[in-house]
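Chemist: Got a predicted structure plus its sequence, pasted below:
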Amino acid sequence: MNPITAGADAPDFTALDNKNQNIRLSAFRGKKVLLSWHPLAWTPVCTDQMRALETNWKNFQNHNTVPLGFSVDPQPCKTAWAEALQIDHVSLPADFWPHGKIARDYGIFNEKDGVSERANIIVDENGKVKWVKVYPGDQLPDINEVLRVLSGS
């Protein structure tokens with residue numbers, strides 16, 4: 001596995017989210033986009049990771065950033081999970097079919113386990129990868145670190 005690197009063009013994608021909307025990366029030009037990858041819904045660390053995105057919704061807005069919570073779970077699963085977690089603002093796209101294609105395009109698909117790695121990837125306003133961090137599967141990403149990167153400090 002070789003994760004995409006900063007400076008690369010971010011591969012465009014379209015994926016159905018928890019609100020049954022097609023999310024297309026290129027539609028967000030002019031904004032930064034946080035691709036926050038978690039291996040599977042309904043697991044403790046993934047739950048905390050997505051709740052951190054929702055809790056920081058205003059901070060993301062202040063940084064002209066759209067947070068997206070990705071996993072390879074199917075869209076109906078993402079919908080039920082978002083409802084259970086009371087995720088109202090953050091979009092949770094499903095990288096279900098072709099299974100893990102978007103994660104593969106970004107170099108973070110774990111072939112052995114059939115899921116994405118836990119990772120945060122920031123795409124800038126022009127569609128270039130600005131920052132990439134892959135985490136151990138059991139580690140909760142530090143949301144404050146992500147916000148610092150978004151603020152440029």
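Modeler: It's in.
Chemist: Can you get me a residue count around residue 47?
Modeler: Look at residue 47: counted by other C-beta atoms under 10 Å, it has 17 neighbours. From N, CA and C alone the C-beta is placed, and that goes for glycine too.
Chemist: in the helix or strand harbouring it, what counts as buried?
Modeler: Following DSSP states H and E, one finds residue 47 within helix 44-55. Within helix 44-55, the residues that count as buried by 16 or more other C-beta atoms under 10 Å are 45-47, 49-54.
Chemist: Please compute how far it lies from its chain's middle.
Modeler: In terms of C-alpha atoms, centre = their mean, to the nearest Å, the centre of helix 44-55 is set 11 Å apart from its chain centre.
Chemist: now stretch 131-150
Modeler: Centroid separation for stretch 131-150 versus its chain: 11 Å, with C-alpha atoms, centre = their mean.
Chemist: So what touches it?
Modeler: For stretch 131-150, contacts defined as C-beta atoms under 8 Å, 6 or more residues apart in numbering pick out 3-6, 32, 34, 36, 39, 45, 48-49, 52-53, 55-56, 59-60, 63, 65, 108, 117-122, 130.
Chemist: Sweet, I'm off.
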